[in-house]
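S.K.: predicted model and sequence follow; I will ask about them next.
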Amino acid sequence: MKLHGCVVKEGEGKGRALVSDKPISFLGGLDPKTGKITEPDHDLEGGSVKDRILVFPHGKGSTVGSYVLYQLAQNGNAPAGIINREAEPIVAVGAIISEIPMVHKLDKDPIKSIKTGDLVIIKGESVLVEGE
């Protein structure tokens, strides 16, 4: 399946999808030293974002979350790409300063179209999804 969206951070990323219909708080909800999601009661709690294509509606919480994304990248634990329904400043700035390819506003809802484990390739505004 091929999807198209708006580029937030240009680039190419490839990895297995990690999908949630819940927003993610990067400050306090994700450990930059391990890449693991630590937010209590989040459906991805315990999962790692490292080398994954992270698909979620949008970020939430403190603007320091942008720096947490940067720390993830510096520690080698960043996602290979990010897809949001609609980007907001915390995640957008984090992706830009960390050089993580990011798209949003896809022509189909990414949370309904992409499943955890699918192989996803982001290339500019194009998103290629191959079933698990």
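M.R.: Right, received. Where do you want to start?

S.K.: what does stretch 119-127 rub up against?
M.R.: The contact list for stretch 119-127, computed with Cβ atoms under 8 Å, 6 or more residues apart in numbering, reads 2-7, 10-17, 53, 55, 80-81, 83, 101-103, 106, 110, 114, 128-132. The C-beta positions use only the backbone N, C-alpha and C, and glycine is treated the same way.

S.K.: name the SS class of residue 27, please.
M.R.: coil (DSSP: H, G, I helix; E, B strand; the rest coil).

S.K.: contacting residues around it?
M.R.: So residue 27 contacts 61, 62, 64, 65, 68 (Cβ under 8 Å, 6+ apart).

S.K.: tell me how far it lies from residue 59.
M.R.: Shown here: residue 27 relative to residue 59, a distance of 10 Å by Cβ to Cβ, to the nearest Å.

S.K.: what does residue 38 give?
M.R.: Residue 38 is 15 Å from residue 59, by Cβ to Cβ.

S.K.: and these two? Which one has more around it.
M.R.: residue 59 (27 against 14; other Cβ atoms under 10 Å).

S.K.: so what's the more buried one closest to, chain neighbours aside?
M.R.: Spatially, and ignoring its direct neighbours in sequence, residue 59 is nearest to residue 91 (3.9 Å; Cβ to Cβ, 6 or more residues apart in numbering).

S.K.: pretty sure that neighbour belongs to a helix, no?
M.R.: Yes. Residue 91 forms part of a helix when assessed by three-state DSSP.
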